[in-house]
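**Q** Sequence first, then the predicted structure, then my questions.
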Amino acid sequence: MPNISLVVLLPLVTALVVTTVLTFLTIPFVKKFGLMDDPKRHKHPGIIHTKPIPRGGGIPLYFGAFFTSLFFLPFNTTISVVFFAAFIALSIGLIDDYLNAKSKDVSPYVRFPVQILTAVVVVASGVSMHFITNPFGTGVLQLDILKINLPFLSFFLSDIISILWLVWLMNMLNWSKGVDGQMPGIVAISAIVIGILSLKLNPTGVGGFTDAQLSFIIAGTAIGFLFFNFYPAKIFPGFGATSLYLLLGVASILTSAKLATAILVMGVPLVDFMFTIIRRVLSKKSPFYGDKKHLHHILLKLGYNQRQIALFYWSISGILGVLALFLESRSKVFAILMVIAITGGALLFLHSITNKKNEKLIS
């Protein structure tokens, strides 16, 4: 039996301390270079803060995970390529943070292809969902059997699914940083649950603990950043935080059996993400451009404050995470469907309430 402190606590605590120090040092650094999110200049419709807050949180999030990983992970070709892809995500995010300070943004039609590029680079390194547990019976469903051949390219179904999952996760979590502390709390809880399940599935460490240790490093990184991001935030994640979301996506698919767990523990932001895209498309609007109709915006309109909303998201993720650790595959699918139905129904109901309130105010 491995020493649990070496597998879990040491990577988590190290990442927490490293990220805390890096975040403390990053705040004056980004202020000096003017990476400030000023609500008077940045006219994004989803903004809720009222005074300038430093952006650039992607810097300590990426380097906190990277420096810690140097001590605990085997930097083979796969891990090296994964962190290279995450660095690409950080770079485009910092460009967006810089332009944001100048009252501009990197177009989502540029950011989205870059996200696809980072996902392709990761999958090309060998991180792919080769199988998933069969939710309707025993055994597994192989995803790397079907090969698609094109004139200049050939790929497996597993590669396509992996790319879609990584891009989806990056965007979903990017939209989940609406209130202070919301995102790092969700990421930390998700990473801890994935890490625990990794140990549960591989208690003897056959082949190493790379997936588990990466998960706990991500968790420690998110917690270290949370100290400065919980309301009132001293720094925002910015778009560069996509680098950490990419790492979480990698951790979630290193063992395909953890995919359903990741979906379940992030169920509420996932449904909000799907609901938002469908709503915007049905309204004949671009799914890429923001509005003030996410779940956290609705809760703010109903009178809840930022801390309460962040705690709400953490609590739901925590509860679903505990369930995910004890449910079998078929039960997880049922739980995911229940979360989709309940959260989707709640969003429809809350939207109708807020719309009626707005109509009364206008009249």
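**A** Sure thing, it's come through.

**Q** Show me where the stretch 151-300 of the chain has its helices.
**A** Secondary structure of the stretch 151-300 of the chain (DSSP state H, counting those that start in this stretch): helices at 157-174, 182-201, 210-229, 242-253, 259-265, 267-282, 295-301.

**Q** Which residue is the nearest non-sequential neighbour of V18?
**A** Take V18 and drop its neighbours on the chain: the residue closest to it by CB to CB, 6 or more residues apart in numbering is G64, 5.0 Å away. C-beta here means a position set from N, CA and C on the backbone, and glycine is covered the same way.

**Q** what angle separates whichever strand or helix holds that neighbour from helix 210-229?
**A** Assigned by DSSP states H and E, G64 falls within helix 58-72. In terms of direction (axes from the mean of the first three to the mean of the last three CA atoms, to 10 degrees), helix 58-72 departs from helix 210-229 by 140 degrees.

**Q** Okay, buried residues for the following helix or strand past helix 58-72 please.
**A** Along the chain past helix 58-72, the next helix or strand (assigned with DSSP H and E) turns out to be helix 77-101. By neighbour count with 16 or more other CB atoms under 10 Å, helix 77-101 contains the buried residues 78-79, 81-83, 85-86, 88-90, 92-101.

**Q** related to what we said a few turns ago, what comes up buried for the helix holding G64?
**A** Quick answer for helix 58-72 (16+ other CB under 10 Å): 58-69, 72.

**Q** so which of the helices of the stretch 151-300 of the chain comes closest to L117?
**A** Of all the helices of the stretch 151-300 of the chain, helix 157-174 sits nearest to L117, with 9.9 Å by CB to CB.

**Q** Does anything pack onto the closest one? Which helices or strands?
**A** With contacts taken as 3 or more CB pairs under 8 Å, 6 or more residues apart in numbering; DSSP states H and E, helix 157-174 sits against helix 108-124, strand 147-149, helix 182-201, helix 242-253, helix 267-282.

**Q** any chance of these in a markdown table, with mean neighbour count too?
**A** Below are the helices and strands packed on helix 157-174 laid out as a markdown table (neighbours: other CB atoms under 10 Å):
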| stretch | mean neighbour count |
| --- | --- |
| helix 108-124 | 18 |
| strand 147-149 | 10 |
| helix 182-201 | 24 |
| helix 242-253 | 28 |
| helix 267-282 | 18 |
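
**Q** comparing those, which gets the lowest mean pLDDT score?
**A** Lowest mean pLDDT of these: strand 147-149, a mean of 68.

**Q** ok so, going back, and of the helices and strands packed on helix 157-174, who's closest to G220?
**A** Distance to G220, taken as CB to CB, is lowest for helix 182-201 among the helices and strands packed on helix 157-174, at 8.1 Å.
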